[in-house]
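K.L.:
Task: produce atomic coordinates for the following.
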Amino acid sequence: MDTESRDATTTEPTGGAPVEVRHLIQQWKRLDELLAGLKRDDWAAPTALPGWTVRDVVAHIAGTEHLLSGEPVPDVDLPPSADEYVRNPIGELNEKFVQEARPLAVEDAFADFREAVAERTGQLAEMTPQQFEAESDSPVGRVPFRRFMCVRVFDCWIHEDDIRHALGMQHHLGSGPGRFALDEIVRSLPRTVGKKAGAPDGARVRFRVTGESDTDLPMAVDVMVAGRAGLVDVDDSARTTVELVFDTPTFVRAATGRITAEPGNGVEISGDEDLGRRILGSMAFTI
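P.N.:
Okay, here's the model as predicted:
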């Protein structure tokens, strides 16, 4: 693109802002740098998200920030083709912002992203500690506003990967925001194991994510079913019912519903293979 790269923000929150907000600002900057380097044709590339191109993903991110800035949901009718992938009220809301932005030129779509982020950055800079702790509606229920900003970090982080993956770029999931956003996936694992995959009482499931470069997010976490499933400390001396070993992008994309992971393709199962396959088929937790 010919658009000159510049900061996506104006006045930034100080160092006293919640860590969630500092990571969100950093993630917006990462997205800005990525978008500034794209060619015009890159914006039309299809992503792993049904019906959405790169420019649609950008419109979605900008639209969410417009909504949080206090702007109304666009009064637009969705085309019949949206019925193929819009399945709930949140999806319908997201799609309205995407549809509204589709007539924009690429330069204007990028400018709209920057304007939305700049406005939100200014608003966040003016918030008090009490406002960050106040409860707010969010995609994960009614939670403190700063917890809602965790979800925004995660959403923007995974959409950066959507764009990179669509354009055949090296994944870059490992980062300050990435390590922070990964916690959203980890929080989902007990429900995946216990409720969705139906692991029996007493089962211990280990998720291990490998990686050696700074673009990866290596980690290990155990889920134990004891009445109900919960996260427990990794204990290498304990017998695991099943262990799933992923590379970083496979783990992230399976958990966010971009792919259904298959053994031998970015993930290996050891132990109870039937349970392992049920878990792989149940990992998607995003809306």
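
K.L.:
Identify the bridge partners of residue 226.
P.N.:
Counting by DSSP bridges, residue 226 is bridged to residue 228.

K.L.:
so it makes contact with residue 201?
P.N.:
Yes - using Cβ atoms under 8 Å, residue 226 makes contact with residue 201 at a distance of 6.9 Å. Every residue, glycine included, has its C-beta placed from N, CA and C.

K.L.:
Pretty sure residue 174 sits in a helix.
P.N.:
No - Residue 174 sits outside any helix when classified using DSSP: H, G, I helix; E, B strand; the rest coil, being coil.

K.L.:
Quick check, it in contact with residue 216.
P.N.:
Yes - contact between residue 174 and residue 216 holds when scored by Cβ under 8 Å: they sit 5.0 Å apart.

K.L.:
any common contacting residues for those two?
P.N.:
By Cβ atoms under 8 Å, 6 or more residues apart in numbering, residue 174 and residue 216 have these common neighbours: residue 248.

K.L.:
Which neighbouring elements make contact with the helix or strand hosting residue 161?
P.N.:
Taking DSSP states H and E as the criterion, residue 161 maps to helix 145-166. In terms of contacts (3 or more Cβ pairs under 8 Å, 6 or more residues apart in numbering; DSSP states H and E), helix 145-166 is packed against helix 19-36, helix 54-68, helix 129-133, strand 135-138, helix 176-191, helix 248-255.

K.L.:
any chance of those in a markdown table, plus distance to residue 47, mean pLDDT and mean neighbour count?
P.N.:
Shown next, in a markdown table, are those (distance: least, Cβ to Cβ, whole Å; pLDDT from 0 to 100; neighbours: other Cβ atoms under 10 Å):
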| stretch | distance to residue 47 | mean pLDDT | mean neighbour count |
| --- | --- | --- | --- |
| helix 19-36 | 13 | 96 | 21 |
| helix 54-68 | 6 | 97 | 23 |
| helix 129-133 | 32 | 95 | 13 |
| strand 135-138 | 24 | 92 | 14 |
| helix 176-191 | 18 | 94 | 19 |
| helix 248-255 | 12 | 96 | 23 |
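
K.L.:
I'd like these as CSV, with distance to residue 266 appended.
P.N.:
As requested, the helices and strands packed on helix 145-166 are exported to CSV (distance: least, Cβ to Cβ, whole Å):
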stretch, distance to residue 266
helix 19-36, 23
helix 54-68, 22
helix 129-133, 37
strand 135-138, 31
helix 176-191, 15
helix 248-255, 3
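
K.L.:
Specify which residues of this protein, grouped into ranges, have pLDDT under the cut-off.
P.N.:
Flagging of the chain using pLDDT under 70 yields the residue ranges 1-16, 287.

K.L.:
And the residue of it positioned farthest from its centre, how far from residue 209?
P.N.:
Distance from the centre of the chain peaks at residue 237, with 33.1 Å (Cα atoms, centre = their mean). Using Cβ to Cβ, to the nearest Å, residue 237 is found at 21 Å from residue 209.
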